[in-house]
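1. Quick one, fold the following:
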Amino acid sequence: MSEVEDLLLELERLDRRDRGPFPYEGCRRAKAQDREGVFENLIPDLDLYFSDIAGYRSSGKRILRWSEEKLDEARQRLARTFFDRHPIYVSLQSLRREDAPDLFERMHETERARVVLLRLIEALQSTKAHR
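-> Numbering: from 1, shown residues only. Got it, this is the predicted structure:
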């Protein structure tokens, strides 16, 4: 199997796994630890980020038909992690599974999808460049 096929299969697997509810409980736990009040918009910021990644992830094989411009746009958006986009939440990087299992798992799976999508886009762009 080619790298592109492997990455598409991984995206399908990740898409099937992402069927649980939004991690409200973990967000509440994280917000309870926030003594400075900087996590006020944590839920909407995470929701938008998760939705953004899920939208790309759920594109599946349609990504193969994307134009070079659309691939570039997606690559630029996917290049930035949640913490790059929202550095105010950097303290969440030390979040442990025991602290907020639902949030930890969702962030881990979303990051995995982001990396796989970036690898897929890079592989597609590399293939198109060699044509």
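
2. residue ranges with poor pLDDT in the protein?
-> Counting by pLDDT under 70, the ranges of the chain that qualify are 1, 128-131.

3. which helix in it runs the most residues?
-> Counting residues, the longest helix found in the chain (DSSP state H) is helix 101-129.

4. for this structure, what spans make up the helices?
-> Taking DSSP H as the criterion, the chain carries its helices at 3-17, 24-33, 42-57, 68-78, 82-85, 101-129.

5. Tell me which other helices or strands the fourth one touches.
-> In this case it means helix 68-78. Counting contacts by 3 or more Cβ pairs under 8 Å, 6 or more residues apart in numbering; DSSP states H and E, helix 68-78 is packed against helix 42-57, helix 101-129. All C-beta spots, glycine's among them, are computed from the backbone N, C-alpha and C.

6. orientation of the last one relative to helix 42-57 in degrees?
-> Here helix 101-129 runs at an angle of 40 degrees relative to helix 42-57 (axes from the mean of the first three to the mean of the last three Cα atoms, to 10 degrees).

7. Give me the buried positions along helix 101-129.
-> For helix 101-129, the neighbour count (16 or more other Cβ atoms under 10 Å) marks 102-107, 109-110, 112-114, 116-121, 124 as buried.

8. Could you report the separation of the residue nearest in space to the middle of the chain from Leu64?
-> With distances taken as Cα atoms, centre = their mean, Thr110 lies nearest the centre of the chain, 3.4 Å away. Using Cβ to Cβ, to the nearest Å, one gets 22 Å for the distance from Thr110 to Leu64.
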